[in-house]
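> Whatever this is, show me its structure:
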Amino acid sequence: MAAKEKLGKHVFDLRVSLRDISPEIWRLISVSADVTLEDLHRTIQGAFKWQNYHLHEFVIGGKLYDGGKGSRTALRKLLHVGDRVLYRYDMGDYWQHDIEVVRMYEVPNRRHHPKVLDGARNGPPEDIGGPPGYEEYARTADARALESFDPQLATWRAQALSYREKPAKPAPRRKPAAPSKPTHASALDALVAMMDAELSTVQPNVQAVLGFFTCLFAGPLLMPSLWMPFLLGDFDLRGWSDMSEVQAVIGTTMEAYNQVGSRVYDGDFTGMQFDRAWTQGFMAGVAAGGEHWKQALRDEDLKIVAAPILLSSLPNAKMEPNPELIRASVRGLVAWWSTHQRERLGTSEPVRRSAPKISPNDLCPCGSGKKYKRCCSPLRAV
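Below is the predicted model:
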């Protein structure tokens, strides 16, 4: 009897391009025909360096798919060669992507991870203001940063966001394992060791990082994508070998961040020397907050509260850092931002949800692989 012939897997090659951007930003991606629209969404996020912070939707044949039951249908049932699909991301910035189904072909019967086959130019940063904001950004940005697209790095991002396997069930153990969670000191020391003085805005020393994290919890709420480059620099320039290494770095960074935050909210400043390095780290956090801090400091009360830090942060400042005054200043800043919730969320408008609600047990959107409640959740530090 003849051996049963193994069936292959079918794959789509899709060309995805951003509308209203010139020169064109595009990607040619390869995905299994068996994956869903939700999987395709995550692949596009990784390919364009989006961070999956906002809502998204697909329009296929005039029908809208925005995360409901239809988004769990296999692509083979929705797409055909020659079809054109619209993918929208971030309904505020309103990024529109045209997707063209270039071809469908068969590969050997094994799991087909998404791949980025080709493309041009780096994707726009998050929350930049859509195509008009990108035009302004492109006029001032380094041309090399705009053009430095790497298909291999984009593939790593796409794979990290797409197929998240369930972890294998651990074998039973007779004795409980020793806790592997790093202590505050070890996480902070490990983070400082990872920092590069040439790429990091914050000085690579413990006091500067403590000051930086203190500012993040005593100021406006910022997503990790806004403040992490101040510590680690541009990920594309760090030369990390694979996505698992990147996730390990992010995990260590978030561990130190959360533990410092829990102490700031408790008013526990053990280990903080409140010296010049600490105040300079704090001011790097103010820089990360950008316009949120600039607008808030128009409030005379806030200026008075922040004065002990602001006036002693410059390298040649006449005023020496005073630990007692700075400690009181931090407490005052936490109280001020807590009573100004709209400013703390970075908006003067009524707060409206612009991204899907994240359950505490969902994987954190920062890509660390941890649950949201144990990673970037603001409640993690309370």
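
> From here on, just use CA atoms for contacts and neighbour counts.
Noted.

> quick one: buried residues of the longest helix anywhere in the chain?
Among the elements of the chain assigned as helix by DSSP state H, the one spanning the most residues is helix 243-265. Across helix 243-265, burial judged by 16 or more other Cα atoms under 10 Å covers 243, 246-247, 249-265.

> how about the next helix or strand along the chain from that helix as PDB, C-alpha atoms only?
Counting by DSSP states H and E, the element after helix 243-265 in chain order, helix or strand, is helix 276-289. This file holds the C-alpha atoms of helix 276-289, laid out as PDB (Å, rounded to 0.1, in the frame of the first residue of the first chain):
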ATOM      1  CA  ARG A 276      22.900  65.600  41.900                       C
ATOM      2  CA  ALA A 277      22.800  62.300  39.900                       C
ATOM      3  CA  TRP A 278      19.400  61.600  41.300                       C
ATOM      4  CA  THR A 279      18.000  65.000  40.400                       C
ATOM      5  CA  GLN A 280      19.400  64.700  36.900                       C
ATOM      6  CA  GLY A 281      17.700  61.300  36.500                       C
ATOM      7  CA  PHE A 282      14.500  62.900  37.700                       C
ATOM      8  CA  MET A 283      14.800  65.700  35.100                       C
ATOM      9  CA  ALA A 284      15.300  63.000  32.400                       C
ATOM     10  CA  GLY A 285      11.900  61.700  33.500                       C
ATOM     11  CA  VAL A 286      10.500  65.200  33.100                       C
ATOM     12  CA  ALA A 287      12.000  65.300  29.500                       C
ATOM     13  CA  ALA A 288      10.300  61.900  28.800                       C
ATOM     14  CA  GLY A 289       7.000  63.500  29.900                       C
END
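
> Begin at 502 from now on, thanks
Sure thing, new numbering starts at 502, so read that last one as helix 777-790.

> Residues contacting helix 777-790, please?
Here helix 777-790 makes contact (Cα atoms under 8 Å, 6 or more residues apart in numbering) with 702-704, 708-717, 720-721, 723, 727-728, 731, 773, 794, 810-811, 813-816, 821-822.

> Quick one: buried ones out of the residues you listed?
In these, the ones that pass as buried (16+ other Cα under 10 Å) are 702-704, 708-717, 720-721, 723, 728, 731, 773, 794, 810-811, 813-815, 821-822.

> in this protein, what spans have low per-residue confidence?
502-509, 610-612, 663-686, 736-744, 816, 842-861, 866-869, 873-883 (pLDDT under 70).
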